[in-house]
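In: I would like the atomic coordinates for the input below:
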Amino acid sequence: MTIRYFIFMVRLNKFHKWLPLVILTVAGFTFNTSELIPIGLLSDIAADFGITEARAGLLITIYAWVVALLSLPLTLYFSRVNFRRLMLCIVAIFFVSHIGSVLAQGYWTLMASRIGVACAHSIFWSIAPPMAVAVTPGKSRATALSAMVAGGGIALVAGLPLGRVLGLVAGWRVTFAALGLLAGLIFIGLYLTLPSLPQNDASESRKNILKDVLCCRPLLMIYIITAVIVTGHYTGYSYIEPFMYRVVHMQEQAITLTLSLFGIAGLLGSYIMSRYFPKYPRRIILSACFGMPVIMLLLLPVSWIHPGLLALLCILWGLAMTLYNIAFQNEIILFSPHNSAVAMSIYSGIFNLGIGSGAFVGGIVCEHGSMENIGYIGGMIALSAAIYALFRFIPRIKI
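Out: Next up is the predicted model:
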């Protein structure tokens, strides 16, 4: 009996060491689901408020632009605040803002609540990756980042499809209420398990921190590539739901399944990254950069052949996007080990600038009655970034 109790306590202690990373991963899932959920419910939100889908798409655009605008200033402003305290405040704001979304009585009140969520999001992805590395046993960067991105991938696998189904059955407000409830549970979990985590750059001036990051040429290349390639990606992805419904004429169940497959590919990408990226970094980054534009350029032609092939294409699309995101987060932390929070905040801001710009460009395309062309336009935008990466960034990657 004593031996069994000892073995149980050892296993419990090992699990407890991993618990902060698990909760941070769930938090990543929740934040990503909240960001993406308007994509799956765009038509329903537009119908509820009596507006066009393009105008409803501004919920995605404004959200992303707020994150892009505030990520760096807020991260610098709170650069001396303990990570634990800062994360708890972020999750609390996230929770309150979702309650506001549930109670929104009009389009603009919903927009205001989404801006509140965006303010929390603007800091979360700046500090979550370095926090994940810090709380992971052995401080394994690859394991921590793969776990965090896997949380985002699960948001595509389960969060977006389940949120869409829940919204179709009970209304989009119930989906936001569920996210708020999950945020409350995350707050309790982090409060009980997260250790005190002082920020690495607390003793350095904000001016010097920013100068060190912006003077790193490889980081600047990552930011340029990200801004363009994410703009292209979200030009197509932001309106993939109405594209599949109106252009391809897929059934709602098939659309939900396709969005799920997109996310399942994200989990596969996390596995590939953890196992093969240390050996083949150049090949993986190159495949991700060129994979996204090629896939988007094929969206419409493939849908002409058979809608089922579109689902297969979305699997490859989700895989390419996940590989890109993990690879470049890894490179950012590699190039800025002492100022990773600030470097990640700039990356998060630029990534969301790309999301907002992509949703905006896609909205213009849809407003002009050319929804079937979102893949062509998004693909050409992303292709320009892939070509730049091939000649300027790939040769700088350390093997």
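In: span of stretch 47-63 from start to end?
Out: 20 Å (C-alpha to C-alpha, to the nearest Å).
In: so how far is it from its chain's centroid?
Out: Between the centre of stretch 47-63 and the centre of its chain there are 20 Å (C-alpha atoms, centre = their mean, to the nearest Å).
In: so which bits of that stretch are buried?
Out: 53-54, 56-63 (16 or more other C-beta atoms under 10 Å). Using the backbone N, CA and C atoms, a C-beta is placed for each residue, glycine as well.
In: quick one: contacts of it?
Out: Taking contacts as C-beta atoms under 8 Å, 6 or more residues apart in numbering, the residues outside stretch 47-63 that touch it are 35, 38-39, 42-43, 45-46, 106-107, 110-111, 114-115, 117-118, 121, 172, 234, 238-239, 242, 352, 355-357, 359-360, 362-364, 366-367.
In: show me the buried residues of stretch 47-63 that map onto helices.
Out: In this view, these that belong to helices under DSSP state H are 53-54, 56, 58-63.
In: now those residues in TSV, with pLDDT and distance to I264?
Out: As requested, those are exported to TSV (pLDDT from 0 to 100; distance: C-beta to C-beta, whole Å):
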residue	pLDDT	distance to I264
E53	72	26
A54	73	29
A56	80	27
L58	81	29
L59	84	26
I60	80	22
T61	80	27
I62	86	30
Y63	86	25
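In: quick check: phi and psi at T52.
Out: phi -80, psi 160 (degrees, to the nearest 10).
In: now the strands: where do they sit in the stretch 201-350 of the chain?
Out: Taking DSSP state E, counting those that start in this stretch to define them, one finds no strands in the stretch 201-350 of the chain.
In: residue ranges with poor pLDDT in it?
Out: In the predicted model, the stretch 201-350 of the chain carries pLDDT under 70 at residues 201-210, 212, 263, 266-267, 270, 274, 336-341.
In: at 50 what do you get?
Out: Applying pLDDT under 50 to the stretch 201-350 of the chain flags the ranges 202-203.
In: before we move on, what about the stretch 1-150 of the chain?
Out: Residues of the stretch 1-150 of the chain that meet the cut-off, pLDDT under 50, sit at 1, 3-13.
In: can you show me the helices along it?
Out: 2-40, 42-49, 53-56, 58-77, 83-103, 107-135, 141-154 (DSSP state H, counting those that start in this stretch).
In: which one of these lies nearest to R275?
Out: helix 141-154 (9.3 Å; C-beta to C-beta).
In: next SSE downstream of that closest one?
Out: Counting by DSSP states H and E, the next helix or strand C-terminal to helix 141-154 is helix 160-170.
In: can you give me the angle that following helix makes with helix 42-49?
Out: 30 degrees (axes from the mean of the first three to the mean of the last three C-alpha atoms, to 10 degrees).
In: how much space between A68 and G354?
Out: For A68, the distance to G354 equals 8 Å [C-beta to C-beta, to the nearest Å].
In: so who does V117 touch?
Out: 34-35, 63, 94, 97-98, 101 are the contacts of V117 under C-beta under 8 Å, 6+ apart.
In: how close does it get to I90?
Out: Distance from V117 to I90, by C-beta to C-beta: 10 Å.
In: do G362 as well
Out: Distance, G362 to I90, using C-beta to C-beta: 29 Å.
In: give me the more crowded residue out of the two.
Out: Legend: neighbour count by other C-beta atoms under 10 Å for G362 and I90, higher for G362 (29 against 26).
In: quick one: the more buried one and Y239 touch, right?
Out: Yes. In this structure G362 lies within contact range of Y239 using C-beta atoms under 8 Å: 4.7 Å.
In: tell me, what's touching those two both at once?
Out: With C-beta under 8 Å, 6+ apart, G362 and Y239 have common neighbours 57, 374.
In: could you look up the SS state of G375?
Out: helix (DSSP: H, G, I helix; E, B strand; the rest coil).
In: spatially nearest residue to it (excluding sequence neighbours)?
Out: Ranked by C-beta to C-beta, 6 or more residues apart in numbering and with sequence neighbours excluded, the top spatial neighbour of G375 is L299, at 3.2 Å.
In: same question for T322.
Out: Nearest one to T322, counting by C-beta to C-beta, 6+ apart, is G269 at 3.0 Å.
In: give me the number of residues near that neighbour?
Out: Number of residues near G269 (other C-beta under 10 Å) recorded here: 26.
In: that one and A327 touch, don't they?
Out: No. Judged on C-beta under 8 Å, G269 makes no contact with A327 at a distance of 9.5 Å.
In: and the pLDDT for E367?
Out: Looking at E367, its pLDDT reads 78.
In: er, A183 I mean
Out: 92.
In: in the stretch 251-399 of the chain, which spans are helices?
Out: Shown for the stretch 251-399 of the chain, the helices assigned by DSSP H, counting those that start in this stretch span residues 252-276, 281-297, 299-305, 307-335, 340-367, 374-388.
In: perfect, that will be all.
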